[in-house]
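Colleague: please find the sequence and the predicted model below.
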Amino acid sequence: MSSVRPLGQAWAHLSHVPLRKEASDRSECVNEVLGGETVQELELGPGDWVRVELPDGYQGWMDRRQLRPVTFLWNGHPFRLSTMHSSWKGVAGGWLPAGCVVRELNGTWFLGEDEVTPLGEPPKLHESDMSTWAESMLGVPYHWGGRCGWGYDCSGLVSLAAALVGLQVPRDASEQFAVGAEVPMGSIRRDDVAFFQNSKGQITHVGLCDGTGHVIHASGQVRRDRLDGTELMRISDGATTHNLAGIRRWTEG
């Protein structure tokens, strides 16, 4: 009798888990599955590898030992964490970064199906705009495939900012570019989303406009640089780093 559990819905019990392009630890990290998030298992691979799909449709390979099966209907109010990191009793490693999902039910907190306890102020829903949250992440290192408080790539930062204000957008910048309404250069406002292209016209970078002529984006680290016409200028040395492809508006107001 096989001891391998059947494919099904599962949840991440660790803080942040790499999602890889192929079923190998040497393969590119294309995304992350964050603590408390659920995935649908699609296909067993070699060893402990499993191909999964996140709720937004993003697929990749991860180590199945970093997942636990969903065994009952979850209740309670979900909170996607917005602070850079927070300390928890009952969490492996003791810390959770921004982006992880916990739930509260009648005063008790859960990460997935594990009861946990915040060792500090209990989390609160993010009640400000995308740019305000992104400003709180300034200085966080760039991490290819990252979308949590311990490292972001450009689209990971922007997609998490969107999630915290109740928007679900695609994971990658090239697909995010298709979301929302086009914004003329003279009408840019706070929380508009700036997209940048390479010499072939391909969308390769994204950031958030702060309403003062600057863009908050992940490039080396989460940083704020100046939008000068169609060029993104690095504040530290005035170098042109990215060329604008267009501006999109995802939020009202």
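Modeller: Arrived safely, thanks for sending.

Colleague: please count neighbours and contacts with C-alpha atoms only from this point.
Modeller: Noted.

Colleague: what is residue 18 paired to in the beta sheet?
Modeller: Residue 18 forms beta bridges with residue 32, as assigned by DSSP bridges.

Colleague: revised request: answer the last question for residue 197.
Modeller: What pairs with residue 197, by the bridge criterion (DSSP bridges), is residue 203, residue 243.

Colleague: my read is that it contacts residue 242, right?
Modeller: Yes. Here residue 197 reaches residue 242: they are 7.2 Å apart, a contact under Cα atoms under 8 Å.

Colleague: contacts only, for the most centrally placed residue in the chain.
Modeller: Centroid-nearest residue in the chain: residue 147, 3.2 Å away (criterion: Cα atoms, centre = their mean). Residue 147 makes contact with 31-32, 99, 153, 155-157, 159-160, according to Cα atoms under 8 Å, 6 or more residues apart in numbering.

Colleague: re earlier: shared neighbours of residue 197 and residue 242, anything?
Modeller: What both residue 197 and residue 242 touch, as defined by Cα under 8 Å, 6+ apart, is the set residue 205.

Colleague: shaky segments in the stretch 1-150 of the chain?
Modeller: Counting by pLDDT under 70, the ranges of the stretch 1-150 of the chain that qualify are 1-2.

Colleague: so which of the contacts of residue 147 belong to helices?
Modeller: 155-157, 159-160 (DSSP state H).

Colleague: for the contacts of residue 147, which one is nearest residue 192?
Modeller: Nearest to residue 192 among the contacts of residue 147, counting by Cα to Cα, is residue 159 at 13.0 Å.

Colleague: bridged to the residue nearest to the centre of the chain, which residues?
Modeller: residue 152.

Colleague: any idea how far it is from residue 157?
Modeller: 6 Å (Cα to Cα, to the nearest Å).

Colleague: with residue 5 instead?
Modeller: Distance, residue 5 to residue 157, by Cα to Cα: 34 Å.

Colleague: okay, those two: which has more neighbours?
Modeller: residue 157 (29 against 7; other Cα atoms under 10 Å).

Colleague: is it true that the more buried one touches residue 218?
Modeller: Yes. At 7.0 Å, residue 157 counts as touching residue 218 under the criterion of Cα under 8 Å.
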